[in-house]
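In: predicted model, plus sequence, below.
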Amino acid sequence: MITAIVTALYVSAFTVFDWDPQEIVISCYLPTGHRTADGTVPYEGICASNQDHLGQTAMLFDSDMRFVGFFEVKDTGGHHLLREGKAVDIYRDNMDSARDFIRENGDHGYVVWLDAEG
């Protein structure tokens, strides 16, 4: 019964916005001592992508389409995959957290770009 309810909520939630998952590379970045591209002090829950997605929210899935989380795009990156919008760089506070994130979620997945904050 609970599975049916969760499935119904899952399916109905995706009818409210344009469901167009894009395959991406997933990486993590660590504190640099600098603010993000939009002037924010970095915190876990944000990510970097390209300038076109700045201000949007990335709804991230692993390579098996399991939901990973929502990440606000507050930063941009220099790597060509980030500049081309083919990667998402997730901010993590420390190296252990970054390793755990990639170990749990993998380094490839899917993203749906949302015009939303947080």
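Out: Received the coordinates, thanks.

In: and the gap between residue 106 and residue 93?
Out: Distance of residue 106 to residue 93, computed by Cβ to Cβ, to the nearest Å: 20 Å. For the C-beta atoms, the positions are set from N, CA and C on the backbone; glycine is no exception.

In: same deal with residue 42?
Out: Using Cβ to Cβ, residue 42 is found at 9 Å from residue 93.

In: okay, the two: which has more neighbours?
Out: residue 42 (20 against 12; other Cβ atoms under 10 Å).

In: nearest residue to that one other than its sequence neighbours?
Out: residue 91 (5.0 Å; Cβ to Cβ, 6 or more residues apart in numbering).

In: what are the bridge partners for that neighbour, then?
Out: For residue 91, the beta-bridge partners are residue 29 (DSSP bridges).

In: pretty sure it contacts residue 43?
Out: Yes: between residue 91 and residue 43 a contact is recorded at 7.1 Å, counting by Cβ atoms under 8 Å.

In: neighbour count for the two, which is higher?
Out: Counted by other Cβ under 10 Å, residue 91 and residue 43 do not tie: residue 91 has more neighbours, with 25 against 12.

In: quick check: mean pLDDT across the helix or strand hosting residue 97?
Out: Using DSSP states H and E, residue 97 sits in helix 95-105. Average pLDDT, helix 95-105: 97.

In: give me the buried positions along it.
Out: Neighbour-count burial for helix 95-105, counted by 16 or more other Cβ atoms under 10 Å, picks out 98, 101, 105.

In: quick one, helices of the protein?
Out: 2-13, 80-83, 95-105 (DSSP state H).
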